[in-house]
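Q: Predicted coordinates and the sequence they were generated for:
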Amino acid sequence: MSALLEVQDLEAFYGRTKALHGVSFSMAAGGITTILGANGAGKTTTLRAISRMVRTVGSIRFEGQPLEARATEDVVQFGIAHAPEGRGTFVQLTVEENLKLGAWGRRERGDLAADFERVFGYFPVLRERRRQMAGTLSGGEQQMLCVARALMLRPRLLLLDEPSLGLAPMVVREIFRILRTVNQAGVTILLVEQNAALALDLADHVFLLETGRIVLEGPSDVLRRDDAIRRAYLGY
Amino acid sequence: MDIFIQQVVSGLATGGIYASVALALVMIYQATDVVNFAQGEMAMFATYICWSLLNAGLPYWVAFLSTLGIAFIGGVVIERVVIRPVENAPILSIVIVTLGLLVIFNSLAGWIWTYVQKPFPSPFPSSPFRAGEIILGAHDLGQINVTLFVLLCIYLFFRFTPLGLAMRAAAQNPVSSRLCGIRVGWMLALGWGLAAVFGAVAGMMVAPNLTLEPNLMGGVQIYAFAAATLGGFTSPGGAVLGGFIVGVVENLVGTYVSFIGTELKFTVALAMIIVVLLVKPSGLFGSTVVKRV
Amino acid sequence: MITSRLARTIGLLAVLALACALPFFLSNFRLFQFTQVYIYAIAILGLNMLTGYNGQFSLGHGAFYAIGAYTAAIMMDKWSIPYGWTIPAGGALCLVVGFLFGLPALRLEGLYLALATFSLALAVPQILKYFEHWTGGSQGIVLSKPKAPFGLRLNPDQWLYLLTLAVLVVLFWLGANLLRGRVGRAIVAIRDNHISAEAMGINASLYKSLVFGVSAAYTGVAGALSASVIAFVAPDSFNVFLSVTLLIGGVIGGLASISGAIFGAIFIQFVPNWAQDISKAAPWAIFGVFLIGFMYVMPFGIAGAVRLLWIRMTRPRVSQERPDPVASRARPTT
């Protein structure tokens, strides 16, 4: 199975500060991979590197095509959708307009109505709030909107940054349930999370980052069952 | 009563001019936090271009539309070539660049077309329009119609077209817009292009009244500031409404308050700015930006 | 062992000595130009304190310049007060006016404060013309240049040059002490993060109003000096263009920098002349090109560029992010 995403010796920089020190990994199509780690480990930076939001050295290939020389705006052309940290909602636009913008990057316009139906199927509350200003939605609803917006692209790869942040446990469980459904429909997911338990439950593969380096990786069920690893690195 | 209506209509006409320039200022401010001090001079320059086209024999509306096209391209080019290199500099540095553009346009206009005042034609009939006892200038009415038409087109564009949506998104949240595949830099350039078009419309509508000379838009720009302040720098609709209000108030105050002659009329605009800033700085329709710490 | 501090002090003293020597080999006109540079430098330092160090945008400092100038002019013309007293008087009046203006200004941020001060600047010539009895209306007030005291063998231009230089040195020294000490740090803290500063016990409102007052005082002193140096005040000299010019000087010289005030003053005094030498037909277009060019090459002003150059030369391998030395753009984040 050829890799969907292949990252080789990736270094990332904020100004002159190096945040990633030679990270290498690959993801196969169809799976869910999660990146875990403490604050400042470089998880969000990894996603930003793929979305070309930070300066990088090293190779990033998606379906064999190099991404390093591309700009953020081009990334959607490859079928990569990024639901960023902090949700990045267009607060002064309506829910519907937010979703339309998610589909903006698509090469084939196709049937927007069908896409709307699909995401409203995943997140019915968004249908109710369709014409509301996105800024008036609750945190959980905005997170759903963020995921929905990314899904409007009909992405091959979904980059998700800390979807559980600041949300009530019930809401988070709901979102993760839907992510599983989305994955089953064929979307590969790369998930950054601090909530290790939830992430391990969802994902099939895990990377653990510590100060910009991968210190551990493997199938999630193996890591979950190894007590020593769990206690040492995952804290529970 | 007739005089009142005449002055209101006349005020709406000039108000439309202020509304157009105010809208241009607010559009750029919303997207970049920068006030384009050169907006008025760019409008004046565009009006001179129209004058040259008319002098070359082109019919009015052909020259008018061509000027809009040229202004649009000019605005886009200025953003891409002049503003883009400093877009990440401190705000005041970018303001200095717009001041630089201001003096360049003003000086170039004087150099190319001289400082001699030139008459500028109006496309509207010179015979006034009568409604019973009320006499309304045809140019005033025409001006209002043109302004409203342009504003309506812009409203529809922003509200209902994908490109308009993308431009709004790029102005409000550039980071998320890039993640959606929107080329934020080009959206900004389009914004400058449209702002230049509004300015050009304002210039070409006001020139027949004031005669064409390089300092044509100086006073207008100050009134546009007052309009944008009144309506709110964060609200395009507010800026437009503010423009019409300022125009009407200016005219009524000039007519009915005796000690305010043409000299102190200017002070009316300034007084409005100060009052609004003291009472509600964000304007009638603006929203106060809440800073998260 | 020569430390960089000692080297800097020696350098400054050398420049000062040179400046003192100038009256003896420059023409009166050139001296007059340099005197004007010093006056602008004092005014720009005032503006710098407010806008650069404290982050309050002022497009209306010309108003304080005008108040200083007219205070001096009226004192000399109507009450025959010797020019020496008019300078601190202009400063003191502006201190009070500036502080009072700073109070309502507390409610205005960024763009809105800029608009308010801009409107003030626009109104100044009209207000001056209105109070004709005091200000002499559009005609202005004609004054005479003071003679050198103690029978010194200096002509008025030379004397005024040295006097202005002395005032400059004193005010800059005071300003440097203020801005490089605790007060300066508090002022900058307020600029960078208003709420954090308050949380740390800084009374932001008081400081902001005080800075407004001191800033106005500096510019007022500059205005008072200019009344004696130019020996003439008229409303149209103090229009909005003056305020904009001071701001240009501040930004080009380098905001949040003391030396920047001098660089900026040199720029606004001499570059328009050079522009005219380059093109008689459209000199302001050339000036505009200069403005834009300077901002491309040195977005943080001349002082900012000098500082960056110095950092680059003395510390070639920096492992952290490049520090932002001057007024930074603060965008609200959601």
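A: The structure has been received and is ready for your questions.

Q: and chain A, which residues reach chain C?
A: Residues of chain A lying near chain C by C-beta under 8 Å from any C-beta of the partner chain: A:Tyr14, A:Gly15, A:Arg16, A:Thr17, A:Val91. C-beta coordinates here come from the backbone N, C-alpha and C atoms, glycine included.

Q: can you pull the contacts of the residue lying closest to the first one once chain neighbours are set aside?
A: Taking C-beta to C-beta, 6 or more residues apart in numbering or on different chains, and ignoring the residues beside it in sequence, A:Tyr14 has A:Val54 as its nearest neighbour in space, at 6.4 Å. By C-beta atoms under 8 Å, 6 or more residues apart in numbering or on different chains, A:Val54 lies in contact with A:Ala12, A:Phe13, A:Tyr14, A:Ala19, A:Thr45, A:Arg48.

Q: any residue of the host helix or strand of C:Gln269 up close to chain B?
A: If you go by DSSP states H and E, C:Gln269 is part of helix C:258-278. No: Helix C:258-278 stays clear of chain B (C-beta under 8 Å from any C-beta), getting no nearer than 9.5 Å.

Q: center of chain C, which residue is that?
A: Residue closest to the mean C-alpha point of chain C, counted by C-alpha atoms, centre = their mean, is C:Ile44 at 1.5 Å.

Q: do the helix or strand where it lies and chain B meet?
A: Using DSSP H and E, the element containing C:Ile44 is helix C:28-47. No: Helix C:28-47 stays clear of chain B (C-beta under 8 Å from any C-beta), getting no nearer than 11.1 Å.

Q: average pLDDT across that helix?
A: The average of the pLDDT scores along helix C:28-47 is 93.

Q: picking up where we left off before, same for the helix holding C:Gln269, what does it pack against?
A: Counting contacts by 3 or more C-beta pairs under 8 Å, 6 or more residues apart in numbering or on different chains; DSSP states H and E, helix C:258-278 packs against helix C:28-47, helix C:156-180, helix C:240-253, helix C:283-297, helix C:301-314.

Q: still on that earlier bit, now the residue nearest to the centre of chain C: closest residue in space, sequence neighbours ignored.
A: Leaving out its chain neighbours, the residue that sits closest to C:Ile44 by C-beta to C-beta, 6+ apart is C:Ala261, at 4.2 Å.

Q: Tell me how many other residues surround the one you found.
A: Look at C:Ala261: counted by other C-beta atoms under 10 Å in any protein chain shown, it has 30 neighbours.

Q: swap in B:Gly57?
A: B:Gly57, neighbours per other C-beta under 10 Å, totals 8.

Q: for it, helix, strand, or coil?
A: coil (DSSP: H, G, I helix; E, B strand; the rest coil).

Q: From B:Phe124, how far out is it?
A: The spacing between B:Gly57 and B:Phe124, counted by C-beta to C-beta, to the nearest Å, is 20 Å.

Q: Could you give me the buried positions within the helix holding C:Ile44?
A: For helix C:28-47, a neighbour-count test (16 or more other C-beta atoms under 10 Å in any protein chain shown) marks C:31-47 as buried.

Q: Low-confidence regions, the chain specifically.
A: No chain in the question, so chain A it is. A:1-2, A:107-109, A:229, A:232-236 (pLDDT under 70).

Q: try again with chain B
A: B:132-133, B:258-265, B:288-293.

Q: re earlier: state whether the residue nearest to the centre of chain C and C:Gly254 are indeed in contact, as I suppose.
A: No: look at C:Ile44 against C:Gly254 with C-beta atoms under 8 Å: they stay out of range, at 10.1 Å.

Q: Which strand or helix spans the nearest residue to B:Leu58 once chain neighbours are set aside?
A: Excluding its sequence neighbours, the residue lying closest to B:Leu58 (C-beta to C-beta, 6+ apart) is B:Ser66, at 7.1 Å. Assignment of secondary structure by DSSP H and E places B:Ser66 within helix B:60-78.
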